[in-house]
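# sequence and predicted structure are below.
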Amino acid sequence: MFQRFRRTRLNTHLRSLVRETSVSTNDFIYPLFVRLGKGIKSEVASMPGVFQMSIDEILKECIELKKLGLYSIILFGIPDVKDSIGSDSLCEHGIIASAIRAIKKEHPEMFVVTDLCFCEYTDHGHCGIIDEETVNNDATLEISGQQAIIHAKAGVDMIAPSGMMDGIIETLREALDGAGYENLPIMAYSTKFASGYYGPFRDVAESTPSFGDRASYQMDPANRREAISESISDELQGADILMVKPVLAYLDIVREIKDNTSLPMAVYNVSGEYAMLKLAGAQDLIDYDRVVMETMISFKRAGADIIISYHAKEVAKMLQKQL
Ligand code: PBG
Ligand code: ZN
């Protein structure tokens, strides 16, 4: 006796009744790149559809996002002046603090997440304080708490440390609790690989390291067991949400962490993953919308609760069309 699997595939309504996974606008966090100035909205060559924007343009963008049912954003700052310790990120009038304040004032219902790192603010482009040839973990921890407090004071809703420093979650949790922000959640970039897929992002964020690479702090793509330990360690330090990044080449890791934690899980669908589909679509090599949706489904199926993606607006439009 064989089973007739095709029976439940014959009708569109039956197919939707038995569908195991779905994608909704509630799943998404949309990345935004903010820089100083007025009226600036410049498209990034390596990421069609992604822009560096000044704060006034970001405020307009929020109106569009709300219309699409997208309320969560993650902010990346591009300061005019960079130095060895990323001072702009430690200053109340820095680009990120100013952006958070402006957004929360005009759009209080937006959920504002910040990427907490130093690479966008340092002249050498590394994710922390340099000591000889590499990033000094503990010296970077010391100034990370300060950056978190700057974001918190400006009114951020959630902080997402992305530098892959050991002990960062414990450090930030203590700093936030000590300053009265015990209810501010931390979404850890808990398992982040040293990946070639970040190439286009470094163009937008102008954060390519001036020497060396990030292999001494980001993870080796070859390591599965270590990937699980990294995320579980962040859970034990007090993270509220875990993350795997990039996602497409790491869906096995997403599933395995999901099976080892009860915390919500995010995935970061990174710049290179976006660029690949964008360019293949522009060349008519694939049915773009269909492939994007199939890709989003794969994240949910692998165990993601939250998807950080440059495709979020396109997906929201596709979902509106389906209704
Ligand atoms: C900063 C950071 C990076 C990304 C998010 N936060 C770049 C990096 O680690 O080099 C990558 C995002 C993307 O590629 O879309 N640490
Ligand atoms: Zn960084």
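Sure, I can see it. Ligands and ions are numbered 1, 2, ... in the order given.

# how long is stretch 181-199 from one end to the other?
34 Å (C-alpha to C-alpha, to the nearest Å).

# would you mark the buried spots in it?
Neighbour counts over stretch 181-199 (16 or more other C-beta atoms under 10 Å) mark 181, 184, 186-193, 195, 197-198 as buried. C-beta: built from backbone N, CA, C; applies to glycine.

# hmm, that stretch touching ligand 1?
Yes. Remark: stretch 181-199 sits within contact range of ligand 1 at Tyr198, by C-beta under 6 Å from any ligand atom.

# quick one: mean pLDDT over that stretch.
Averaged over stretch 181-199, pLDDT sits at 97.

# can that stretch be said to contact ligand 2?
No. For stretch 181-199, no contact with ligand 2 is found by C-beta under 5 Å from the ion; the gap never falls below 9.0 Å.

# touching ligand 2 at all, stretch 270-288?
No. Using C-beta under 5 Å from the ion, stretch 270-288 stays clear of ligand 2, with a minimum separation of 12.8 Å.

# in that stretch, what's buried?
By neighbour count on 16+ other C-beta under 10 Å, the buried set for stretch 270-288 is 270-278, 281, 286, 288.

# can you show me the helices along this protein?
Taking DSSP state H, the helices of the chain run over residues 12-18, 55-67, 95-106, 137-154, 168-178, 199-204, 225-237, 251-258, 271-282, 288-302, 312-322.

# select, out of these, the one closest to Gly49.
Relative to Gly49, the nearest member of those by C-beta to C-beta is helix 271-282, separated by 6.8 Å.

# quick one: work out the angle between the closest one and helix 312-322.
50 degrees (axes from the mean of the first three to the mean of the last three C-alpha atoms, to 10 degrees).

# and helix 271-282, how far out from the chain middle?
The chain centroid and the centroid of helix 271-282 are separated by 17 Å under C-alpha atoms, centre = their mean, to the nearest Å.

# other SSEs contacting it?
strand 47-54, helix 199-204, helix 288-302 (3 or more C-beta pairs under 8 Å, 6 or more residues apart in numbering; DSSP states H and E).

# what parts of the chain come near ligand 2?
117, 119, 127, 163.

# any idea how far Ala175 is from the second one?
Taking C-beta to C-beta, to the nearest Å as the measure, Cys119 falls 20 Å from Ala175.

# settle it for me: which of the two has more neighbours?
Cys119 (25 against 18; other C-beta atoms under 10 Å).

# contacts only, for the more buried one.
125-127, 163, 205, 207, 209 (C-beta atoms under 8 Å, 6 or more residues apart in numbering).

# just among these, which is most surrounded?
Ranked by neighbours (other C-beta under 10 Å), the contacts of Cys119 are led by His126, which has 26 neighbours.

# do I have it right that it meets Asp213?
No. Between His126 and Asp213 there is no contact under C-beta atoms under 8 Å: 9.5 Å.

# contacting residues around the closest residue in space to Ala97 that isn't next to it in sequence?
Among residues not flanking Ala97 along the chain, Ala154 sits closest, at 4.2 Å (C-beta to C-beta, 6 or more residues apart in numbering). Contacts for Ala154 (C-beta under 8 Å, 6+ apart) come out as 92, 96-98, 100-101, 104.

# can we see that at 10 Å?
92-94, 96-104, 112, 114 (C-beta atoms under 10 Å, 6 or more residues apart in numbering).

# swap in Asp115?
Taking C-beta under 10 Å, 6+ apart, we find Asp115 in contact with 31, 74-77, 96, 151, 159-163, 187, 189, 205, 268, 308.

# Ile307 too?
Counted by C-beta under 10 Å, 6+ apart, Ile307 has contacts 23, 27-30, 247, 266-269, 295-296, 299-300, 315.
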